[in-house]
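Trainee: Curious how this folds, go ahead:
(2 chains)
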Number of protein chains: 2
Amino acid sequence: MSQVTLLQIADKLKISVSTVSKALKDYPDVSEKTKALVKELATTLNYKPNAFAVNLRTKESKTIGLIIPAIVHHFFSNVIKGILTQAEKKGYLVIILQSNESYELEKKQIDLLLRQRVDGILISIANSTRNFGHLSDVLSQGKPLVMFDKIAKILECSKVVIDDRKAARDATQHLIDTGCKRIAHFRGPLLSQNSIDRFIGYREALENNNYVYDSDLVYICECGDSSFEEGKINAKKLVQKHKDVDGVFINTDLVAIGALTAFSEMGVRVPDDISVVGFSNWFMSSVISPSLTTINQPGYKIGKAAFKQLYTELKQRKNNLPVVHKKITLNTELIKRASTKV
Amino acid sequence: MSQVTLLQIADKLKISVSTVSKALKDYPDVSEKTKALVKELATTLNYKPNAFAVNLRTKESKTIGLIIPAIVHHFFSNVIKGILTQAEKKGYLVIILQSNESYELEKKQIDLLLRQRVDGILISIANSTRNFGHLSDVLSQGKPLVMFDKIAKILECSKVVIDDRKAARDATQHLIDTGCKRIAHFRGPLLSQNSIDRFIGYREALENNNYVYDSDLVYICECGDSSFEEGKINAKKLVQKHKDVDGVFINTDLVAIGALTAFSEMGVRVPDDISVVGFSNWFMSSVISPSLTTINQPGYKIGKAAFKQLYTELKQRKNNLPVVHKKITLNTELIKRASTKV
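Mentor: Here you go, the predicted model:
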């Protein structure tokens, strides 16, 4: 049995399709008796209104699109959970796409979502995205767009972020406060905005404390995605070249966990020989040994806030009110654990 | 500027909407000149065909639904990645919903997906799901349904699974082979099918080796979701009541990692005092200390296989061929690490 249509109900009752449709919507020009008959048969046959037809009428699809760089990622999983929880409450479905940090794929996915007539789009952009025409398209078609975490500063839309510079200053300051004298930094990809901001925060903390900045102590993520392997590779390079380094602030927890593993393999003691601070607070960071001092980045809250802002803008548009773009900055905090000294 | 419609193109060119529509579809009864004009204007205005209207015509939405119990979960993240990778290749969009292990929510979500006219549904059911009427509905409406990982054996549809019993036998056998004499089991929720099968596999391994089965050594996951905390609680109970136990097979890695943490806090040495084997092979398990011996459950492959089977059934239906349900069983393997003896 395939899905029941208005036509099948009309046929069975020997009335017109428009009468069936009106009866189901409680129009006054249909008799109560007919309404009762139609509704009873619709229930019996398990009739479900065709969402496409409803969409053509209301111009709302009640679906939104979500594009993220990676699914298997503790931070993004938490963001998705926040978005889905909120979307559920407001009756929206979420189409999720993974860009794999590829600009080309991201562009194609935006196009697919627009064709699908989603009501709005949430996105955390790929590291390789430097042109934003595909995102401007979303806005110029009158659809709300909310960026979160990895954003394009230049684009005029709502954004949900943390203060990456401040968080990175806090992380570096903690290394300074616990006695580190030569502090290295493993940064993320060169052109990613939050990787740039975390690097700036690291430099600011050094300057605030009259530490000399040494570009030799900054290790770049060369493979484009911040991986466990990357952390191992850079930790080995660091130990070989800079035996005097006694602290390192690492752009993201997964890379920091790779570094901890390499340090352990090389017999470098953490925090006695070198202190380590990560970024993001993946669950894993609390159970490894030594547990990782890190910055808590509130993924679940970011997801919730991003959906809420999108929903606000959807309502503003629907009610012909001016759409107000917002930049929402959520708080981070330093989580002190065993990878740094007391 | 809102999305461009056929009407706007028709207005500008002072021709009818149906001519515009025909021109875009290269119908022979429209002149080449008109076709060229229409196509040029459509490109200039960035016209995108309305997916809803296309859907009403083709009765395909090119979207599928995916319901999973939890998003923040290493295994399910990998499954999602497998599904999205495959869906991308075949031009399908995926609406993802999280049931939070709730039957009520799962039922509601199936209904939402059917209203949305998805072409098919992939699902891993909630631990609390014991009635399957909502899933029979999907099948009776002629939509393909593929279950994976957490399945209902009773339901006639395609399934992608691992051999949980065999995997659990392998895990328990490894404890026996490395010298454990009294082996406990932390099982999952009482009514979840894979938790039942893993428990049976544990018993079978004991029997195969003439070990006495002792129901006192089986700890049930009481909170319904297999959590880190659950592992800590059960590990503490085990150490207090059964000092003679020297091996434990734990239903899932996250719970096993909780147990390892509790053992470490209590000064119980792993594997010297007690050996531990987990299940699933979360990334985390390879980086904690001691690293966790576990069963590799191929999440990414499960996701890919589930989508492929759904796609096969979609094609069978479309071509009016008989739909063949399949049960696909993927291989698991024991990953030996530092939480068991050599």
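
Trainee: so where's chain A uncertain?
Mentor: A:1-3, A:50-58, A:223-224 (pLDDT under 70).

Trainee: mind listing the helices for it?
Mentor: A:6-13, A:17-24, A:32-44, A:51-58, A:74-90, A:103-115, A:133-140, A:164-177, A:193-208, A:228-241, A:253-265, A:299-318 (DSSP state H).

Trainee: closest one to B:N127 among those helices?
Mentor: helix A:74-90 (17.7 Å; C-beta to C-beta). Glycine gets a C-beta too; all of them are placed from N, C-alpha and C.

Trainee: got the angle between the closest one and helix B:103-115?
Mentor: Between helix A:74-90 and helix B:103-115, the angle comes out at 80 degrees (axes from the mean of the first three to the mean of the last three C-alpha atoms, to 10 degrees).

Trainee: Could you single out the most deeply buried of the helices of chain A?
Mentor: helix A:253-265 (a mean of 24; mean count of other C-beta atoms under 10 Å in any protein chain shown).

Trainee: So in terms of bridging, what pairs with the nearest residue to A:A87 once chain neighbours are set aside?
Mentor: Computed as C-beta to C-beta, 6 or more residues apart in numbering or on different chains, the closest residue to A:A87 that is not its neighbour in sequence is A:V94, at 5.1 Å. A:V94 forms beta bridges with A:I64, as assigned by DSSP bridges.

Trainee: Correct me if wrong: A:V94 contacts A:E88.
Mentor: No: with contacts counted by C-beta atoms under 8 Å, A:V94 stays clear of A:E88, the gap being 9.0 Å.

Trainee: what touches both of those two?
Mentor: B:L97 (C-beta atoms under 8 Å, 6 or more residues apart in numbering or on different chains).

Trainee: Dump stretch A:34-42 to PDB, restricted to CA.
Mentor: Output of stretch A:34-42 as PDB, limited to C-alpha atoms (Å, rounded to 0.1, in the frame of the first residue of the first chain):
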ATOM      1  CA  THR A  34     -19.300  15.500   5.400                       C
ATOM      2  CA  LYS A  35     -16.400  16.700   7.600                       C
ATOM      3  CA  ALA A  36     -17.000  13.900  10.000                       C
ATOM      4  CA  LEU A  37     -17.100  11.300   7.200                       C
ATOM      5  CA  VAL A  38     -13.900  12.600   5.600                       C
ATOM      6  CA  LYS A  39     -12.000  12.900   8.900                       C
ATOM      7  CA  GLU A  40     -13.000   9.400   9.900                       C
ATOM      8  CA  LEU A  41     -11.900   7.900   6.600                       C
ATOM      9  CA  ALA A  42      -8.700   9.900   6.700                       C
END
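
Trainee: That stretch and chain B in contact?
Mentor: No: figure legend: stretch A:34-42 not in contact with chain B (C-beta under 8 Å from any C-beta of the partner chain); closest approach 13.4 Å.

Trainee: Would you mind measuring from the residue nearest to A:A87 to B:I123?
Mentor: 16 Å (C-beta to C-beta, to the nearest Å).

Trainee: For those two, indicate the residue with more neighbours.
Mentor: B:I123 (30 against 22; other C-beta atoms under 10 Å in any protein chain shown).

Trainee: Grab the nearest non-local neighbour of that one.
Mentor: Nearest one to B:I123, counting by C-beta to C-beta, 6+ apart, is B:I67 at 4.5 Å.

Trainee: List the residues that contact the one you found.
Mentor: Per C-beta under 8 Å, 6+ apart, neighbours of B:I67: B:I96, B:L97, B:Q98, B:S99, B:E106, B:Q109, B:I110, B:L113, B:I121, B:L122, B:I123, B:S124.

Trainee: go on, A:T85?
Mentor: A:T85 neighbours (C-beta under 8 Å, 6+ apart): A:G303, A:K304, B:Q98.

Trainee: interface residues of the stretch 101-250 of chain A facing chain B?
Mentor: Counting by C-beta under 8 Å from any C-beta, the stretch 101-250 of chain A sits next to chain B at A:105, A:111-117, A:137, A:140-142, A:228.
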